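Asker: Model the following, please.
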Amino acid sequence: MNIKRAKQEIMDSIRAYLMKDAYGEYVMPGIRQRPILLIGPPGVGKTQIMEQIAQECRIGLVAYTITHHTRQSAIGLPFIEEKEFGGRRYHATEYTMSEIVASVYGKISSTGLPEGILFIDEINCVSETLAPTMLQFLQGKSFGNHRIPEGWIIVAAGNPPEYNKSVREFDIVTLDRIRRIDVEPDFGVWKEYALQAGIHPAVCSYLSVRQQNLCRIETTVDGKMFATPRGWEDLSQLMEVYGRLGLEIDREIVSEYIQFPKIARDFASYLELYRKYQEDYRVEDILDGRAAPGIYGKLERAPFDERVSVTGLLLAALNGQFREVCQLGERLETEIKKLQDLHGSGVFGSGEDVGDCARAIAAFSGMLDEFLKEWGQRRENGLLSQRELLLNRAVGEALEEKLLVLKTEDFCCAKDMWKRLQELFASESCRYEEMSAKAGQRLEHAFDFMEAAFAGSQEMVLFVTELNTGFYSVRFLQEYSCERYFRYNKELLFSEEEKEITKLLEDGGL
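Answerer: Numbering: from 1, shown residues only. All right, here's what the predicted structure looks like:
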């Protein structure tokens with residue numbers, strides 16, 4: 001199955017394993033809560049989804065790469081303890097608590113979360129001395145004499161033997177006590193994630209016409225060659241930062257991340273063309289409704305890769321603007337809820353009550369401190385995604401700015417303070433409406449261009465499909481009514497033409 005389905009399977013399992021009855025006991029006893037074993041190629045996202053699952057389920061996460069540990073750190077260190085048996089005293093060997101089990105209790109103590117996931121990576125690549133310990137762990141949910149606390153779900157991950165010569169096969173006794181999920185790369189799922197995570201548009205555009213290069217691992221006489229989703233995402237991050245610094249990515253840098261020479265050369269060549277397309281087609285002019293007439297003829301003669309790349313450039317620019325609109329909307333929504341709760345407490349006065357300015361500022365300051373403390377704690381506990389982190393940081397900064405206004409400006413009464421806050425928020429709401437309207441206008445201009453350049457062709461199908469699956473484009477289109485989007489979505493998305501373009505892309509282009 002793909003990584004998205006695997007994530008959902010694990011989340012469903014966690015909900016089932018942690019369900020309690022009317023007496024507060026787990027419905028499924030621990031012995032029936034089978035550990036989950038993810039098996040899939042490196043870089044496909046097995047570790048990454050564990051962080052997402054813990055954040056979305058609001059539970060703790062302790063993660064270990066077991067190949068970095070010895071038998072002693074897994075089961076504990078031996079020490080001599082004096083004991084009495086049959087009326088006689090003996091020296092017996094005991095063990096300190098396993099470092100891994102101790103980390104679980106430490107996480108419970110530091111976060112206050114009694115339930116969580118213990119994730120063990122590369123579990124089938126352990127050393128010979130540690131292998132029996134791992135079998136005991138999967139079968140009995142313990143390291144040495146120390147059991148994993150109740151309420152903690154065991155998830156492990158490993159690579160198939162064709163990707164790692166150190167892999168050890170599990171016996172039937174162990175396999176009969178776990179839930180094995182085989183994960184395969186899936187470009188459609190990766191693309192959906194990429195649009196939300198902000199993967200560089202050049203990477204997305206390239207892989208749209210070279211889907212087979214998303215995850216390729218081969219062993220030749222010259223050694224191992226590989227390209228993985230992890231490699232593409234890390235390269236994308238570097239490309240983003242290099243772009244801000246005015247630095248260029250060349251073939252040598254690409255090959256440091258994409259260690260498959262043919263694919264690295266191909267992408268480096270494509271990147272040169274991508275930069276050329278940016279200069280030739282001037283996407284910003286297109287989205288502003290100022291497309292040069294000559295580019296339509298140029299596109300008509302262009303090869304498939306170039307036409308898809310131009311479509312990708314348009315989508316990347318639109319998604320960037322959709323992201324800004326949605327992020328501001330989320331910030332305003334969270335901020336107004338905080339302010340309304342504060343107003344509901346009565347600190348800004350009601351009716352003819354003049355209220356108390358100092359009391360209102362103190363209440364505002366207390367609300368802000370509580371908010372910052374709450375999201376700071378969640379960040380420390382690993383319960384905030386990157387998107388949530390950015391959102392809370394933006395809300396905190398906006399509330400701090402408003403508090404500063406209340407402190408520095410003169411007010412006759414607390415009710416005037418609330419009016420000032422309403423003015424500040426109204427100004428930001430107007431900015432949101434302006435940004436939303438501009439993004440909508442640019443979407444309309446994009447449709448104007450696509451209709452003139454591609455009409456009902458494969459590129460239009462691809463354009464509408466991307467709008468229909470992009471995280472921020474879907475959210476934006478829930479608020480902005482674009483007649484042509486819905487019309488083309490209805491006419492093209494489920495047509496035979498979509499099937500043809502999908503097959504063509506899966507085959508790697510023309």
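Asker: Where does pLDDT dip in this protein?
Answerer: Flagging of the chain using pLDDT under 70 yields the residue ranges 68-71, 127, 163-168, 350-355, 456, 492-510.
Asker: wait, doesn't Gly349 sit right on Lys415?
Answerer: Yes. At 4.3 Å, Gly349 and Lys415 qualify as touching, with contact defined as CB atoms under 8 Å. C-beta coordinates here come from the backbone N, C-alpha and C atoms, glycine included.
Asker: Now do the helices in the stretch 301-450 of the chain.
Answerer: 304-344, 357-380, 386-408, 414-453 (DSSP state H, counting those that start in this stretch).
Asker: can you pull the buried residues of the last one?
Answerer: To tie it back to what came earlier, the one meant is helix 414-453. 414-418, 421, 424-425, 428, 432, 435-436, 439-440, 442-447, 449-450, 453 (16 or more other CB atoms under 10 Å).
Asker: I'd like the next helix or strand past it.
Answerer: helix 458-469 (DSSP states H and E).
Asker: list the buried ones in that following helix?
Answerer: The neighbour-count check on helix 458-469 (16+ other CB under 10 Å) flags Gln458, Glu459, Met460, Val461, Leu462, Phe463, Val464, Thr465, Glu466, Leu467 as buried.
Asker: got a list of what Tyr206 touches?
Answerer: Each residue near Tyr206 by CB atoms under 8 Å, 6 or more residues apart in numbering is listed here: Asn213, Phe267, Tyr270, Leu271, Tyr274.
Asker: tell me what the helix or strand hosting the last one is packed against?
Answerer: Here Tyr274 is covered by helix 261-281, with elements defined by DSSP H and E. In terms of contacts (3 or more CB pairs under 8 Å, 6 or more residues apart in numbering; DSSP states H and E), helix 261-281 is packed against helix 201-209, strand 223-227, helix 251-257, helix 294-301, helix 304-344.
Asker: Now do the fourth one and helix 261-281, the angle between them.
Answerer: Same thing as helix 294-301. Angle of helix 294-301 versus helix 261-281, following axes from the mean of the first three to the mean of the last three CA atoms, to 10 degrees, is 150 degrees.
Asker: Equivalent analysis for the shortest one, please.
Answerer: Direction vectors for strand 223-227 and helix 261-281, defined by the same axes, to 10 degrees, enclose an angle of 30 degrees.
Asker: domain ranges for the chain?
Answerer: 3-75+103-185, 327-434 (automatic domain parsing).
Asker: Most tightly packed of the ones you listed?
Answerer: domain 3-75+103-185 (a mean of 17; mean count of other CB atoms under 10 Å).
Asker: Report the beta-bridge partners for Lys20.
Answerer: Beta-bridge partners for Lys20, by DSSP bridges, are Tyr26.
Asker: Can you give me the separation between it and Arg179?
Answerer: From Lys20 over to Arg179 the distance is 21 Å, taken as CB to CB, to the nearest Å.
Asker: likewise Pro42?
Answerer: Separation of Pro42 from Arg179 (CB to CB): 21 Å.
Asker: Likewise for Asp285?
Answerer: Counting by CB to CB, the separation of Asp285 from Arg179 is 54 Å.
Asker: Could you do Trp232 as well?
Answerer: According to CB to CB, Trp232 and Arg179 sit 29 Å apart.
Asker: how far does stretch 226-239 sit from the chain's center?
Answerer: Put simply, stretch 226-239 sits 15 Å off its chain's centre (CA atoms, centre = their mean, to the nearest Å).
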